[in-house]
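Colleague: the following comprises the amino acid sequence and a computationally predicted model.
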Amino acid sequence: LTVKILIKNADIITCNASNDVIKNDFLGIKDGYIDFIDTREEALKGFDADKIIDARNKLVMPGLVNAHTHSGMTILRNFANDLALEEWLFNNVFPVEAKLTPEDIYWGTLLGIAEMIKSGTTTFADMYLHMEQVAKAVFEAGIRANLCRSPLKDGDGSVEDSIRCFDYFREWNNGANGRIKVYIEVHSVYLFDEDTLRTSAKVAKELNTGIHIHVQETVKECEDSIKKYGMSPAEICCETGIFDVPVIAAHCVHLSERDMDIIKNKGVNVIHNPTSNLKLGSGIAKINEMLDLGINVALGTDGAASNNNLNMMEEMHIASILHKGVHRNPLLMDAPGVLKMATLNGAKALGFEGEIGAIEKGMKADIILIDTDKPHLCPINDAVAAVVYSAQGSDVDTVIIDGVVVMEKGELKTIDEEKVKFMVRETAKKCCS
Ligand code: NI
């Protein structure tokens with residue numbers, strides 16, 4: 001079955017190597033891939049679209065990549081606020097999470113996916129509990145995701161059970177028409193020990209896959225690591241083989257020069273989570289230094305309990321203005337650079353390089369349309385600046401993932417939004433009070 005979608009009257013932010021913005025174009029999608037981008041009417045000859053989308057008064061751009069989140073944490077949205085990370089995590093989040101059933105996680109994840117699609121995210125990296133439920137939600141919702149599985153048993157920080165990683169990998173890696181990639185979860189060096197770090201690295205190498213980990217989020221994490229291992233988190237990750245495979249490293253707020261060298265030399269992908277780092281009072285990552293060193297930096301929201309939303313439009317805005325202000329330098333984190341962090345760099349960090357992150361012929365069709373017929377987006381003047389500085393998540397009108405329309409005119413096609421909201425409210429009543 002061939003499915004062809006034609007987008008006409010399209011002003012396209014391509015996010016290609018030369019950052020082209022193309023005006024008044026035709027964009028053809030065939031069997032999940034971008035088939036052509038052309039201004040000439042004759043390009044349509046023989047295309048015979050099943051569906052035509054008129055992009056007049058809209059911006060067409062690649063879907064956003066949320067490179068670090070815990071989508072099921074939507075259940076804990078606005079639950080424990082104005083606390084430091086350790087107090088927040090150990091004394092508030094973990095006790096609630098211990099009460100969550102696999103089914104609760106399924107509904108919480110679907111809510112997170114609904115929120116992400118509605119604000120323009122088409123791919124995300126997720127780390128959470130009961131990941132078989134997360135895979136099920138991703139499969140059904142039609143979104144793209146990098147999912148990771150811990151080799152530790154749920155609810156037990158020490159017992160290692162790497163068989164479950166192998167099973168999960170076999171069941172889901174490259175599943176859902178290639179929309180799902182499976183990595184190994186290493187939550188952090190504070191929840192793992194030297195043995196389980198080494199085992200995790202070994203499992204990832206055996207499966208020829210990557211690792212998703214939190215790295216040097218707080219000063220306390222770094223101090224505790226020195227006490228526990230005699231090394232910084234980056235150093236112990238290097239020592240135990242964690243950094244020998246593709247790595248999604250969330251936060252990296254407190255890096256010494258040596259840590260930064262390790263991250264650069266090992267090709268670790270850094271995920272900047274500015275809102276979560278600000279809200280938990282963790283600090284501000286040295287993103288510009290990392291970018292200058294050539295480190296791949298992508299952008300993430302972190303979970304809805306420390307943000308408190310999964311809105312990548314807001315994350316781009318904050319990432320851009322935060323570093324300008326802190327360094328008193330408006331030239332830092334320009335709009336095209338920040339948009340690249342939220343698209344191409346995210347695709348690279350999550351193992352989808354060359355497949356998604358830009359609008360180019362031959363790429364997979366993960367595309368969003370922004371409704372620009374709004375006071376706060378009038379006039380456009382500069383399309384990329386409009387997206388990074390003026391647009392809201394709620395301006396996203398239509399979302400296509402893997403060549404399938406999953407949202408049209410603000411309405412989700414693959415998720416029963418009302419049912420999902422009802423189910424998660426019930427779970428919150430049960431677990432968060
Ligand atoms: Ni996190």
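Modeller: Thanks, I have it.

Colleague: excluding its backbone neighbours, what's nearest residue 322?
Modeller: Distance criterion CB to CB, 6 or more residues apart in numbering; nearest residue to residue 322, sequence neighbours excluded, is residue 274 at 5.3 Å. From N, CA and C alone the C-beta is placed, and that goes for glycine too.

Colleague: what's the burial count for residue 381?
Modeller: The tally of other residues near residue 381 (other CB atoms under 10 Å) stands at 8.

Colleague: in a strand, it, correct?
Modeller: No. Counting by DSSP: H, G, I helix; E, B strand; the rest coil, residue 381 is not part of a strand but coil.

Colleague: against residue 295, how distant is it?
Modeller: Residue 381 sits 32 Å away from residue 295, going by CB to CB, to the nearest Å.

Colleague: lowest average confidence, helix or strand, in this protein?
Modeller: helix 85-88 (a mean of 89; mean pLDDT, DSSP states H and E).

Colleague: just the CA atoms of that helix, as PDB, please.
Modeller: Below are the C-alpha coordinates for helix 85-88, written out as PDB (Å, rounded to 0.1, in the frame of the first residue of the first chain):
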ATOM      1  CA  LEU A  85      17.300  17.200  43.400                       C
ATOM      2  CA  GLU A  86      18.200  14.700  46.200                       C
ATOM      3  CA  GLU A  87      15.200  15.700  48.500                       C
ATOM      4  CA  TRP A  88      12.900  15.800  45.400                       C
END
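
Colleague: quick check: buried residues in the helix or strand that it is followed by?
Modeller: Remark: after helix 85-88, the chain's next helix or strand is helix 94-97, criterion DSSP states H and E. By neighbour count on 16 or more other CB atoms under 10 Å, the buried set for helix 94-97 is 96, 97.

Colleague: tell me which other helices or strands whichever helix or strand comes after helix 94-97 touches.
Modeller: Counting by DSSP H and E, the next helix or strand C-terminal to helix 94-97 is helix 102-118. With contacts defined as 3 or more CB pairs under 8 Å, 6 or more residues apart in numbering; DSSP states H and E, helix 102-118 has these neighbours: strand 64-69, strand 121-126, helix 131-141, strand 396-401, strand 404-408, strand 411-412, helix 417-431.

Colleague: just want the angle from the fourth one to helix 102-118.
Modeller: Between the axes of strand 396-401 and helix 102-118, defined by axes from the mean of the first three to the mean of the last three CA atoms, to 10 degrees, the angle is 120 degrees.

Colleague: direction included, what does strand 396-401 pair up with?
Modeller: Strand 396-401 sits in its sheet next to strand 367-371 (antiparallel), strand 404-408 (antiparallel), going by DSSP bridges.

Colleague: which one of the ones you listed lies closest to residue 254?
Modeller: Smallest distance to residue 254 across the strands paired with strand 396-401 (CB to CB): 34.0 Å, for strand 367-371.

Colleague: so how far is that closest one off the chain centroid?
Modeller: Strand 367-371 has its C-alpha centroid displaced from the chain centroid by 18 Å (CA atoms, centre = their mean, to the nearest Å).

Colleague: how far away from the center of its chain is the helix or strand following it?
Modeller: Using DSSP H and E, the helix or strand that directly follows strand 367-371 along the chain is helix 383-385. Chain-centre distance of helix 383-385: 21 Å, with CA atoms, centre = their mean.

Colleague: for helix 383-385, buried residues please.
Modeller: Here helix 383-385 shows 383, 384, 385 as buried, counting by 16+ other CB under 10 Å.

Colleague: helices or strands up against that helix?
Modeller: Partner elements for helix 383-385 (3+ CB pairs under 8 Å, 6+ apart): strand 4-13, helix 335-341.

Colleague: could you dump the ones you listed into TSV and include mean pLDDT, mean neighbour count and distance to residue 372?
Modeller: Shown next, in TSV, are those (pLDDT from 0 to 100; neighbours: other CB atoms under 10 Å; distance: least, CB to CB, whole Å):
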stretch	mean pLDDT	mean neighbour count	distance to residue 372
strand 4-13	97	21	9
helix 335-341	98	22	15
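
Colleague: so which of these is nearest residue 19?
Modeller: Once the helices and strands packed on helix 383-385 are compared by CB to CB, helix 335-341 is nearest, at 5.1 Å.

Colleague: next secondary structure element downstream of the closest one?
Modeller: Next along from helix 335-341, by DSSP H and E: helix 344-349.

Colleague: name the helices or strands packed onto that following helix?
Modeller: Using 3+ CB pairs under 8 Å, 6+ apart, helix 344-349 is in contact with strand 64-69, strand 121-126, strand 269-272, strand 297-299.

Colleague: which residues are in contact with that helix?
Modeller: Applying CB atoms under 8 Å, 6 or more residues apart in numbering, the contact partners of helix 344-349 are 15, 62, 64-67, 123, 125, 248, 269, 271, 296-299, 353, 355-358.

Colleague: contacting residues for the most centrally placed residue in the chain?
Modeller: For the chain, the residue nearest the mean C-alpha position is residue 66 (1.8 Å; CA atoms, centre = their mean). By CB under 8 Å, 6+ apart, residue 66 lies in contact with 116, 121, 123, 124, 125, 299, 300, 301, 310, 312, 315, 346.

Colleague: please name the bridge partners of it.
Modeller: With DSSP bridges as the rule, residue 66 is bridged to residue 124.

Colleague: what's the answer for residue 53, then?
Modeller: With DSSP bridges as the rule, residue 53 is bridged to residue 7.

Colleague: can I get the helices and strands packed on helix 383-385 in CSV including distance to residue 424?
Modeller: Output for the helices and strands packed on helix 383-385, formatted as CSV (distance: least, CB to CB, whole Å):
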stretch, distance to residue 424
strand 4-13, 31
helix 335-341, 29
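
Colleague: okay, residue 160: pLDDT?
Modeller: Confidence at residue 160, expressed as pLDDT, is 68.
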